[in-house]
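Trainee: pasting the sequence and the predicted model now:
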Amino acid sequence: MYKGDGSDGPDEGRDKPQSETDEVAEAARREAWTRVKRRLRAELGEDVFTSWFGRLELDAIYLGVARLTVPTRFLKSWIEVHYADRVLQLFKAEYPDVLRLSLSVRSATPRDTSLQVAQSNGESLRCSPQGDAAVDRNRVPIANGVRPARSDSGDLAGNPLDTRLTFETFVVGRCNNLAHAAAERVAGQETGVNLYNPLYLHAGVGLGKTHLLQAVAHEIQRRGRRVIYLTADRFMYNFVAALKAQTALAFKERLRGIDLLVIDDVQFIQGKSIQQEFGHTVNALLDAGRQIVVAADRPPSDLEALDERVRSRLAGGLVVEMAAIDEELRAKILSARIAAVKAAHPSFEVSPPVVQYVASAIATNGRDLDGAINRLLAHATLTGSVITVETAEAAIRDLVRTREPKRVKIEDIQKLVASRYNVSRSDILSERRTATVVKPRQIAMYLSKILTLRSLPEIGRRFGGRDHTTVLHAVRKIEKAIGEDRLLNEEVELLKRMLLE
């Protein structure tokens, strides 16, 4: 392999693209990655995609290796074990030059000089230090403004904080003003004065939960107090690592010795022992007068996988929902993001009509708004043409989605089926095996499988801790029954319509 020695060799220019051809090639690679993520989202569903791939980023593609990064070792291990082969297949389909994947953890510390490359056969290829250095020179900068959270908690490492996610950069509107005010109040209160404890924020994807959580952490840090910001997967990884290293007691003591605990995506905390430790930590911090700020995609009462006592403690503070972003706020967010981009690209101009069009066309979340700006910036810099409404329409076509169907909750299914069949929800969750209970229970399981994105094991847990094979049996039995019994088929279809209305 030619590594470059200062002479005009055949690979000259690969390390640092300068020509317009290289820029177009880089744009093609980015577009291929966008298509890969879109196919993953379609195959796995929104919940699974957000959980495991929402923070997966493309670093670079070099010499047939697609280099991807994630924020935690837990995510890296999970994706390598469960999804690496599928991601590689999709990448090859969209960008044939990709032969292998490399998955690494984003960090503010210098990376190891070796490159671990996951191959399609599950083995790995370790490149030489020189080869990895060549990749680094072609590396696209990542994690701008991201630094590790300072916790003063020994070696208890939290997730990195993004210096851009502060109260000053948060755009306030009618849908999030209460959450913003509560977060500011918590961040500004004196030590030991916990008016809203815990503060629990819940909203859908990309509506600003993480921004507010990190803003609180930044402000508490600025005041010189001890804080740690953890995603659910990071909390689980730290706990499991402490168990393996036989330092669980020290882990618990360090975690409970902080002034502020911030937990993001709490709905993903899984495992009985991990949930118990999380519950003990919450209780210990609250009893000691320490502040807790939590975010999830649903209210505490809907976190049915969590222990009831933990849900009760979380619901005992201030619970605030952040509603969907309205068009007025979307326009304000776009204007703020465009102003930030102009600081680095002074020639980037977006007219008010284009801003208004994008704000009205993208009715999903803030992340899609960021994606729209990236596409407009790419169009402006790569083609050099003025951005009009027509060009904006073409640039963001893949982000404009039709109205998503109503999100059905398992709890709603259980309540409706119980009411329809004159039994209680507790009967459906119980161990009772009478015909009057078994039939509605199986119908509820069947509807949960076809109307939600939950896995069979999770559905089983929501139905009184049953095994996934019980759920599978119920689903197959109802599928067979509705094919043979016209009245039952009409009954189930009616329930489906009522749940989707």
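Mentor: Perfect, thanks for sending it. This is a predicted model, so every value here is computed, not measured.
Trainee: which residue ranges of the chain form strands?
Mentor: Taking DSSP state E as the test, the strands found in the chain are 57-62, 65-70, 100-105, 116-118, 124-126, 146-148, 160-162, 199-202, 227-231, 260-264, 291-296, 318-321.
Trainee: so which of these is nearest residue 238?
Mentor: strand 227-231 (7.4 Å; Cβ to Cβ). For glycine as for every other residue, the C-beta is placed from the backbone atoms N, C-alpha and C.
Trainee: what's the angle from that closest one to strand 260-264?
Mentor: In terms of direction (axes from the mean of the first three to the mean of the last three Cα atoms, to 10 degrees), strand 227-231 departs from strand 260-264 by 10 degrees.
Trainee: which elements pack onto the longest helix seen in the chain?
Mentor: The residue-count maximum for a helix in the chain (DSSP state H) belongs to helix 20-44. Where contact means 3 or more Cβ pairs under 8 Å, 6 or more residues apart in numbering; DSSP states H and E, helix 20-44 is packed against helix 46-53, strand 57-62, helix 84-94, helix 366-383.
Trainee: can I assume residue 364 is in contact with residue 358?
Mentor: No: contact between residue 364 and residue 358 fails when scored by Cβ atoms under 8 Å: they sit 11.8 Å apart.
Trainee: quick one, which of these two is more surrounded?
Mentor: residue 358 (27 against 20; other Cβ atoms under 10 Å).
Trainee: for the more buried one, which residues are in contact?
Mentor: By Cβ atoms under 8 Å, 6 or more residues apart in numbering, the contact set of residue 358 is 330, 334, 369, 372, 376, 392, 396.
Trainee: including neighbour count, pLDDT and distance to residue 419, could the residues you listed go into JSON lines?
Mentor: As requested, the contacts of residue 358 are exported to JSON lines (neighbours: other Cβ atoms under 10 Å; pLDDT from 0 to 100; distance: Cβ to Cβ, whole Å):
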{"residue": "330", "neighbour count": "27", "pLDDT": "89", "distance to residue 419": "38"}
{"residue": "334", "neighbour count": "24", "pLDDT": "90", "distance to residue 419": "44"}
{"residue": "369", "neighbour count": "23", "pLDDT": "87", "distance to residue 419": "40"}
{"residue": "372", "neighbour count": "23", "pLDDT": "86", "distance to residue 419": "43"}
{"residue": "376", "neighbour count": "24", "pLDDT": "87", "distance to residue 419": "49"}
{"residue": "392", "neighbour count": "22", "pLDDT": "85", "distance to residue 419": "48"}
{"residue": "396", "neighbour count": "22", "pLDDT": "83", "distance to residue 419": "43"}
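Trainee: need these in TSV (columns: distance to residue 340).
Mentor: TSV is the format used below for these (distance: Cβ to Cβ, whole Å):
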residue	distance to residue 340
330	16
334	11
369	12
372	14
376	13
392	18
396	18
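Trainee: and which of the residues you listed is nearest residue 71?
Mentor: Closest to residue 71, out of all of these and judged by Cβ to Cβ, is residue 369, at 21.4 Å.
Trainee: coming back round to it: for residue 478, find the nearest of the helices and strands packed on helix 20-44.
Mentor: helix 46-53 (23.0 Å).
Trainee: got the contact list for that closest one?
Mentor: With Cβ under 8 Å, 6+ apart as the criterion, helix 46-53 contacts 37, 40-41, 44, 75, 78-79, 82-83, 205, 265, 268, 453-454.
Trainee: again, but for stretch 253-265
Mentor: Contacts of stretch 253-265 (Cβ under 8 Å, 6+ apart): 51, 151-156, 159, 191, 209-210, 213-214, 216-217, 220, 225-233, 235, 281, 284-285, 288, 290-297.
Trainee: one more time with 7 Å
Mentor: 151, 153-154, 156, 191, 210, 213, 216-217, 220, 225-232, 235, 281, 284-285, 290-296 (Cβ atoms under 7 Å, 6 or more residues apart in numbering).
Trainee: repeat for stretch 442-451
Mentor: By Cβ under 7 Å, 6+ apart, stretch 442-451 touches 408, 410, 413-414, 417, 428, 454, 459, 463, 471, 474-475, 477-478, 492, 495-496, 499.
Trainee: which stretches of the stretch 251-400 of the chain aren't confidently modelled?
Mentor: Applying pLDDT under 70 to the stretch 251-400 of the chain flags no residue at all.
Trainee: repeat the analysis, applying 90 as the threshold.
Mentor: 251-261, 265-291, 297-317, 322-331, 335-400 (pLDDT under 90).
Trainee: which residues of it fall in helices?
Mentor: 272-287, 308-315, 327-344, 352-361, 366-383, 389-395 (DSSP state H, counting those that start in this stretch).
Trainee: now those in JSON lines, with distance to residue 164?
Mentor: Shown next, in JSON lines, are the helices of the stretch 251-400 of the chain (distance: least, Cβ to Cβ, whole Å):
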{"stretch": "helix 272-287", "distance to residue 164": "28"}
{"stretch": "helix 308-315", "distance to residue 164": "28"}
{"stretch": "helix 327-344", "distance to residue 164": "8"}
{"stretch": "helix 352-361", "distance to residue 164": "20"}
{"stretch": "helix 366-383", "distance to residue 164": "11"}
{"stretch": "helix 389-395", "distance to residue 164": "23"}
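Trainee: and those: which comes nearest residue 200?
Mentor: It's helix 308-315; of the helices of the stretch 251-400 of the chain, that one is closest to residue 200 (Cβ to Cβ) at 5.4 Å.
Trainee: in that closest one, what counts as buried?
Mentor: The neighbour-count check on helix 308-315 (16 or more other Cβ atoms under 10 Å) flags 310-311, 313-314 as buried.
Trainee: now the two most distant members of those.
Mentor: 311 and 313 (7.5 Å).
Trainee: okay, now the domains of the protein?
Mentor: Per the record, the chain has its domains at 20-137, 146-321, 327-399, 410-500, by automatic domain parsing.
Trainee: and the end-to-end length of the last one?
Mentor: Right, the one you point to is domain 410-500. Domain 410-500 has its terminal residues 12 Å apart, counting by Cα to Cα, to the nearest Å.
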